[in-house]
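Colleague: Quick one, what's the 3D model for this:
(5 chains, ligands or ions: 5)
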Amino acid sequence: ETLTVSSWGGSFRDLIDQTIAKKFTEETGVEVEFITGGTIDRLNQAKLNRDMPESDVTFTTSHIGWLYTNDGLFEELDMSKIPNAENLVEQAKISPAHIGAWAYVYTIGYLPDSVPEGMTFDSWNDLWSPELEGKIAAPDFDPSHIISVAAKLEGVDIENWQDASEKLLALKPNFKAFYTNDANSQQLLSTGETPVQIMLSMNAYHMQSEGLDVQIAIPSEGAVLGVDTMGITAGTDQEELAYKFINAALDPEVQAQIAEIKKGSPVVSNAVLPDEIAALPGIFTTPEQWESETLIIPHDLRAEKTAEWRQWFSENMISNN
Amino acid sequence: MSKRPFLGWFSLPSVLIAFAIAASFIAIVQYSFRAYVPGSLDPGGFTLDNFTTLWKTVYGQAFLNTVLLCLWTAIFTLLIGYPLAYAMVRAQSVKLRSAILLISLTPLFLGEIVRTYSWIIVLGNRGFVNATLMQMGFIDAPINFMFTMTGVVIALVHFTLPIVVVMLAAALSHIDMNLERAATSLGAGRVRVFASITLPLSIPGIAAATSTAFAWTFSAFATPQMIGGGKVQTISTLVYQVGFASFNFPLAASLSLVGLLFTIAVLAIFNTGIRRLEKFGAHS
Amino acid sequence: MSNEISPSVLQNNTQHPAVQIDGVGKSFSGTVALEPVWLKIRQGEFLTLLGPSGCGKTTLLNLIAGFLEADCGELFINRDLVTQVPPHRREIGIVFQNYALFPHMNVAQNVGYGLRTRHVSKAETAERVREALELVKLGDFADRKPNQLSGGQQQRVALARALVIRPKVLLLDEPFSALDRNLRTAMQVELKEIQTRLGLTTVFVTHDQSEALSMSDRIAVMSRGQIRQIGSPTDIYDRPQNQFVSTFVGDANLFSVTLLDRDETFVRLTVGETQLQLETYQDDLPEPGPVTLFARPEQCKLTQAGQAGSIPATVALTVYQGSYAEVHLDCAAADNRVMQRVPASEAPSAGTKVGIALPSRGPAIYKLNGEVE
Amino acid sequence: MSNEISPSVLQNNTQHPAVQIDGVGKSFSGTVALEPVWLKIRQGEFLTLLGPSGCGKTTLLNLIAGFLEADCGELFINRDLVTQVPPHRREIGIVFQNYALFPHMNVAQNVGYGLRTRHVSKAETAERVREALELVKLGDFADRKPNQLSGGQQQRVALARALVIRPKVLLLDEPFSALDRNLRTAMQVELKEIQTRLGLTTVFVTHDQSEALSMSDRIAVMSRGQIRQIGSPTDIYDRPQNQFVSTFVGDANLFSVTLLDRDETFVRLTVGETQLQLETYQDDLPEPGPVTLFARPEQCKLTQAGQAGSIPATVALTVYQGSYAEVHLDCAAADNRVMQRVPASEAPSAGTKVGIALPSRGPAIYKLNGEVE
Amino acid sequence: MKKSLFDHLLDWSGRVLLTMILGFVLLPFLVVFIASFNDSAILSFPPKNWSLRWYSNAIEYRDFGKGLINSLKVSAIAATFAMIAGSGFAYVLNRYDFSLKSLLNSILMSPLIIPNFTIGLGLLILSTAASLPRTIWLVVAVHVIIVLPFVIRSVYVSLQNFERRYEQAAESLGAAPLRVLLTITLPLLVPGLISGALFAAILSFNEFTASLFVVNQGTQTFPVAMYNYVREYADPTLAAVSVIYVIAVAALLLVVHKFFRLEKVLNVE
Ligand SMILES: Nc1ncnc2c1ncn2[C@@H]1O[C@H](COP(=O)(O)OP(=O)(O)OP(=O)(O)O)[C@@H](O)[C@H]1O
Ligand SMILES: Nc1ncnc2c1ncn2[C@@H]1O[C@H](COP(=O)(O)OP(=O)(O)OP(=O)(O)O)[C@@H](O)[C@H]1O
Ligand SMILES: NCCCCNCCCN
Ligand SMILES: [Mg+2]
Ligand SMILES: [Mg+2]
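Modeller: Numbers count the residues shown, from 1 in each chain, chains lettered A, B, ... in the order given. Ligands and ions are numbered 1, 2, ... in the order given. Reported below is the predicted structural model:
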């Protein structure tokens, strides 16, 4: 008997394997198998295989989780079967069908020795500096961060993001590349290809641990909050085990391990972290931190707009450089 | 007596395979005229939308990139491959010939991933070339190879080189040495012998090698994907992206189809051109 | 063209050799292809290198041409030391086996190639190409591609191409080996006529003895990287200096005889029971004792059995050859079967007892299994 | 083995032909390789197909063997109609040029192959292979691989392999063309000896006229897909029925003469000024008028210039051939140069005026540019 | 031979050019060799600390092991199938004329110019339309299609050089067609068949682009596993894999060279 988990490949799979799956297997004796892939790829695949789901539990980003939910690909969660969810922070309760597993921010990571002397990124506006021409990278799979930042800087409501398109286009010359996955982001940084990135905090910490001198800046406007979530695949015949798996994920010790290994912020309030980890930007241990340090794009709006943003972004920002 | 023993049995497996090939080709043609239904693998009704979509800049740019990549790769591969093939066939020492053969052949059996990955390490901003040049003080800032046509072409040249060398060497080795000797005895120096005898007689080999280089480059996926990093989109990377990120098989199919027709057209034009060129050598 | 070449060649036809080879030798990675060779080729001479496959003929030719670099020795062409001169400045003309015509050029372009490399003007090139093609009777074929020509025509184009540059020496490497018998004979005659007319110094490589005998001024018979004998065709055929030359060139009947003694002009010997006295051209003879005596079939005669001075033999079989019949004889005194030619109508039937009369002068005497002394 | 085969062959040596070819012809995609041919091959006969390259020899052989299917006609082997029988059931033995020994089998396996296909028992196979190898004197070579054998030994293995199955007919396609002159002669003799001993019906393909003349009972001379003449070697050589045969087999001197008239035994004709009367073997002669007269060099004689009855000629060149010299003569009455052979020592120098005496009997007379009537 | 200054220049520039080209060919492998021993996940030249950790990671990483086994399976099966189908077809192509022969030939040879991604996509669409699961057999089918032209070509060439007289000799000795095939044709073609199969297996083992379209997690081949690794990890484990790969291939080629002489195999002498 095995439980099949759909997740990102690489270090995210390893993370889940070493923490949540380990705990789950200890408790149930059931082995965990993975199917891996990019966020969108797996969404598409899940749609195609809705009659014969390939996985029992699916990890995905909060707003994409909404797409699963809206499409009926997730089962509504019976929270009573997840005792550990009692301590779940508000920001991690995404929808009736998917809840957070860990949190992080997308923010500015940079190599101090490869940017102009003294540049510190106190504000997102610093990204627009002409001195950064051809130095920046951002994800090609999710433009929501920079779009929401631009909206905020222009003082327009995110719903009217189009009004910030001038601002966005002004940033175009500073982009060098758009990374396609987490490893790609790390490579671009470690090779100095793009010394400034709008990047996942967890990845930046990982690079630090490998000895790369990368600084993580939290601009005054806040960093863009992200929550990676879990849901139970509709139509699974392993529902009980799936609940046990999700419960294991929210175990305070497991959450602490996740913070320790990959610097993902716990999503339960009762996780106990060492001070030096708790102090890291992008790790939230108090409700205030969840509020003050983050720039939050409403998940459902983000879900709704993702396709539109991606198309605009790839046609206007990525292509034709 | 059975005049053609085994005809049936021997052709049966390949007939089945031919059916599979034909069927998958028909599938592609068929899909390319069908509508994309988001979230479904089953295509919608018949439409020409896919082909109108191809007029968008992204796709046009990918076509242009692919052509340029093929062109530059073919040119540089020839320029590098010809001397190598020549040395492989004509070097005096047997050891040197064997060494050249092994060195130029090994990459042929390494696959696209290993070789592309290696080039990333060579060409990156902190890669071997830039690190070395910077440490030696030749440059202050790294030269950009990654995410540029230049970088992709360098890796593609390396990728197509072995097959081109093998084909050129085969052509060169079949040129009768006595022809070159005859030219020498008639007073031609080495450069002239090469220009008036060796080169013209190897044109069929050059043609074959170039069209193969073209087909390989056209087909290459990992190299533009990994080194181009999304900045150098080609037909192959787009087909994959369209097919697997949005599961838009009809659009991917129409891209493939147009790409294929395009390959055939280019090879046809190229072959006619070469036939003209072959007549050219006689006047030198 | 012939008008222009001949006089210059004739003027050069002085004392010094056209080609002088002084101890030139060549090995390929350990195996000796050519032992050091000394050889002088006279002005206007037609010299043939004759020998079995692999004996070093092509190697020697390539050394003269400069396509190979000698391991040792020196090479002169018209008194100039050319050992260090690259092939394209040696002013040699070459005709290869299969001709090596440039397949991408037409006949005129092929023939004109050597003139273009010499930067001869267009007009003069055209004129000389025309003359050269006239010379080989291919005036009308200037525009053909080599693959549109017959073997014989190709051969003539190759010849024209080599001649038009007025080479000091013409080298030919088995140029006829790909032709059938009739064409071959015709080509031999044509080549010889042109060569004689122009007085061209020519080195010709072949393994065909009849070709060598019929065309050459002198023949160098080679085996295993050595020149075994040099001389005029009659020297080679009538006075071979060793067993190799005697059997490689022409048919040879070899008898086991006992050498008794010799004086100024005669040798005396016994063959089986028969005692004979023969005139000999040889200066050095082996020691008295068992030796091998060599005679051409046409030097011997078939006689009645028991005729005085004849060696007894039995007809083993006769082979009809049209213009004559070969009679193969078993003979106690001969190492192998002895062969004689007779008119087809006179062929004795198998089993007939006959005699073989040795010639009174001419045959050579070698050490047993060996070389002439 | 020979003990077993010979009697059966002899018993069969009755009236009916071993092979009968009735109007068999073959085209390849439009080009005619073989015109319909009628031919009967007698039991135990050695028949040679002789002709230039591409004349259809191999095609005819392959039709007999069954490797090709005839377009028309019928083929019988020992009275059985085999036109529709596949090769492996025709019971023929074949020896190819280069022998086609199976390189992955040793000598014994090669020779035994045909017996294994016939499901002959192991013991009998071993015995018959041993006998066959004895026959070709290769008893000690059973375990060798073909590449460990000399050319001559390979040829004998190929022969043993073909013979061991006791074929009704033995077919040989230029089996000697790859051998050098000496080995070739030796092999010819050996093959002929075995063939005669076993009384084997044999069809032999060659383009070498001397080989054909020396080995055959009958020769079929072919050109352009047709049999031009069939007959014994002397028929072919001495009484060629057309100009093709006369020039292809042996050397021919052709004179332009005017035929005056003939009676029972003699023809009268004029050659230039000279009037001659000759005996002829021909039944049909062309109409009186200009005709071509054909004579072998050895039928003619070189005489003093102006000798009565001789035709005037001038020596153009003499070609030394070792055992003799060829004298090429310009002669007003001849279509081409006339060739005569003389002992090398007697060769006249170029320019000498001589006469040519035609034989008093034997020469053939053809229509102008054409065939015998 | 004494050479002119020009000839010397020509020789030297030739040598320099050759060295540079060989350097270009070898450069990535030398660099990857150095990088594979770099202790840090961050690329730097020259590496500051050395270690073998990426080698042990490469060996322990499960996807590589699985991918390797998949690739070995796929290439063995695909090469075998391609061999059977390809040599049969080459035989028929070489020996017989029949209607549709040239059409069949064009279809089977077309993968030489059809880009691999098109082939992959085509079979993916086809298998989806036919509701076939994405098993290893789908990967095998794609590989057979891609390597088949190479097998056909190499066997066809062997057949063209094949001495028909061996078969005729066997026939004349009474062997029926099947027997000729089994005792003469096949044994004599074995070297050609083996080298064709080997070449097919190597090609299949390295095939990436088309495979990418038709594999899933369970059937991913070694090259796909490597590609995914690069997409998912930013460390030099793949450098270690590459070094092992290069050494294995070079060793294999050296052995082949010793026994068969590559010049001959490749027809470049
Ligand atoms: N490039 C080479 N490398 C090694 N050995 C060679 C080379 N060229 C010639 N030989 C050897 O040198 C010897 C003489 O060769 P050469 O070509 O001169 O013979 P040949 O008399 O021309 O023979 P043929 O009549 O067959 O052409 C032969 O044994 C040959 O194998
Ligand atoms: N398979 C074929 N296809 C087309 N033409 C053929 C074929 N086989 C033979 N021919 C032609 O038929 C004619 C006779 O060929 P064949 O092989 O019988 O000649 P041959 O007398 O054996 O010549 P050679 O002495 O050269 O072997 C030739 O013109 C040849 O080109
Ligand atoms: N399309 C590839 C997306 C990979 C993104 N990984 C994000 C992980 C966030 N937890
Ligand atoms: Mg030679
Ligand atoms: Mg033939």
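Colleague: Which of the helices or strands spans residue 24?
Modeller: Defaulting to chain A. Assigned by DSSP states H and E, residue A:24 falls within helix A:22-28.
Colleague: that's the other chain; I wanted chain B
Modeller: Per DSSP H and E: helix B:7-32 holds residue B:24.
Colleague: Just the buried residues of that helix, please?
Modeller: B:7, B:10-11, B:13-15, B:17-18, B:20-21, B:23-25, B:27-28, B:30-32 (16 or more other Cβ atoms under 10 Å in any protein chain shown). Quick note: C-beta positions are derived from backbone N, CA and C, even for glycine.
Colleague: what about the residue in the stretch 151-300 of chain A that chain E sits nearest to, how many neighbours?
Modeller: The minimum distance from the stretch 151-300 of chain A to chain E, using Cβ to the nearest Cβ, falls at residue A:186 (3.4 Å). Here the count is done by other Cβ atoms under 10 Å in any protein chain shown, and residue A:186 has 30 residues near it.
Colleague: And it, how close does it get to residue B:91?
Modeller: 45 Å (Cβ to Cβ, to the nearest Å).
Colleague: returning to that earlier point: please verify my assumption that the residue of the stretch 151-300 of chain A closest to chain E contacts residue E:231.
Modeller: No. Here residue A:186 lies out of contact with residue E:231, judged by Cβ atoms under 8 Å, at a distance of 11.1 Å.
Colleague: Run through who's touching the longest helix along chain C.
Modeller: Counting residues, the longest helix found in chain C (DSSP state H) is helix C:181-198. Residues outside helix C:181-198 that contact it (Cβ atoms under 8 Å, 6 or more residues apart in numbering or on different chains) are C:2, C:5-6, C:9, C:46, C:135-136, C:151-152, C:155-156, C:159, C:163, C:170, C:172, C:175-176, C:179, C:200, C:202, C:211, C:214-215, D:317, D:319, D:328.
Colleague: what do you get for stretch B:16-36?
Modeller: Under Cβ under 8 Å, 6+ apart, the answer for stretch B:16-36 is B:43-51, B:248-254, B:256-257, E:85, E:104, E:107-108, E:110-111, E:114, E:118-119, E:121-123, E:125-126, E:129, E:141, E:144-145, E:148.
Colleague: Please list all residues in contact with whatever residue of the stretch 51-200 of chain A ends up closest to ligand 1.
Modeller: Going by Cβ to the nearest ligand atom, ligand 1 is nearest to residue A:191 of the stretch 51-200 of chain A, at 51.1 Å. By Cβ under 8 Å, 6+ apart, the contact set of residue A:191 is B:124, B:125, B:126, B:127, B:146, E:43.
Colleague: Check which helix or strand the residue lying closest to the fourth one once chain neighbours are set aside maps to.
Modeller: Nearest-residue entry for residue B:127: residue B:121, 5.5 Å, with adjacent residues in sequence omitted and distances by Cβ to Cβ, 6 or more residues apart in numbering or on different chains. Of the helices and strands defined by DSSP H and E, residue B:121 is found in helix B:111-123.
Colleague: Which strands or helices does that helix pack on?
Modeller: helix B:128-135, helix B:149-173, helix B:222-228, helix E:5-36, helix E:186-206, helix E:222-232, helix E:237-260 (3 or more Cβ pairs under 8 Å, 6 or more residues apart in numbering or on different chains; DSSP states H and E).
Colleague: Would you tell me which of these gets closest to residue A:20?
Modeller: Nearest to residue A:20, of all the helices and strands packed on helix B:111-123, is helix E:222-232, at 18.3 Å by Cβ to Cβ.
Colleague: Not counting its own residues, what contacts that closest one?
Modeller: Counting by Cβ under 8 Å, 6+ apart, A:8-11, A:13, A:36, A:180-184, B:111-114, B:117, B:222, B:226, E:61, E:63-64, E:66-68, E:70-71, E:205-208, E:211-212, E:215, E:220, E:237-238, E:241 sit against helix E:222-232.
Colleague: Buried among those? Make that a PyMOL selection.
Modeller: Here is the PyMOL selection string for the buried members of the contacts of helix E:222-232, based on 16+ other Cβ under 10 Å:
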select buried, (chain A and resi 8+9+10+11+13+36+180+181+182+183+184) or (chain B and resi 111+112+113+114+117+222+226) or (chain E and resi 61+63+64+66+67+70+71+205+206+207+208+211+212+215+220+237+238+241)
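Colleague: quick revisit: return a ChimeraX selection command for the buried portion of the contacts of helix C:181-198.
Modeller: To isolate the buried members of those in ChimeraX, using 16+ other Cβ under 10 Å:
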select /C:5,9,46,135,136,151,152,155,156,159,163,170,172,175,176,179,200,202,211,214,215 /D:317,319,328
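Colleague: Please give me every residue in contact with residue E:242.
Modeller: Residue E:242 sits next to B:110, B:114, B:117, B:118, E:29, E:32, E:36 when contact means Cβ under 8 Å, 6+ apart.
Colleague: again with residue B:228
Modeller: So residue B:228 contacts B:147, B:151, B:152, B:234, B:237 (Cβ under 8 Å, 6+ apart).
Colleague: So the first one sits against residue B:226, correct?
Modeller: If I follow you right, that is residue B:147. No. Contact criterion Cβ under 8 Å: residue B:147 and residue B:226 do not qualify, at 10.4 Å.
Colleague: residue ranges with poor pLDDT in the chain?
Modeller: Using chain A. Along chain A, the model assigns pLDDT under 70 to residues A:319-321.
Colleague: My question was about chain E, not that one.
Modeller: E:1-3, E:268-269.
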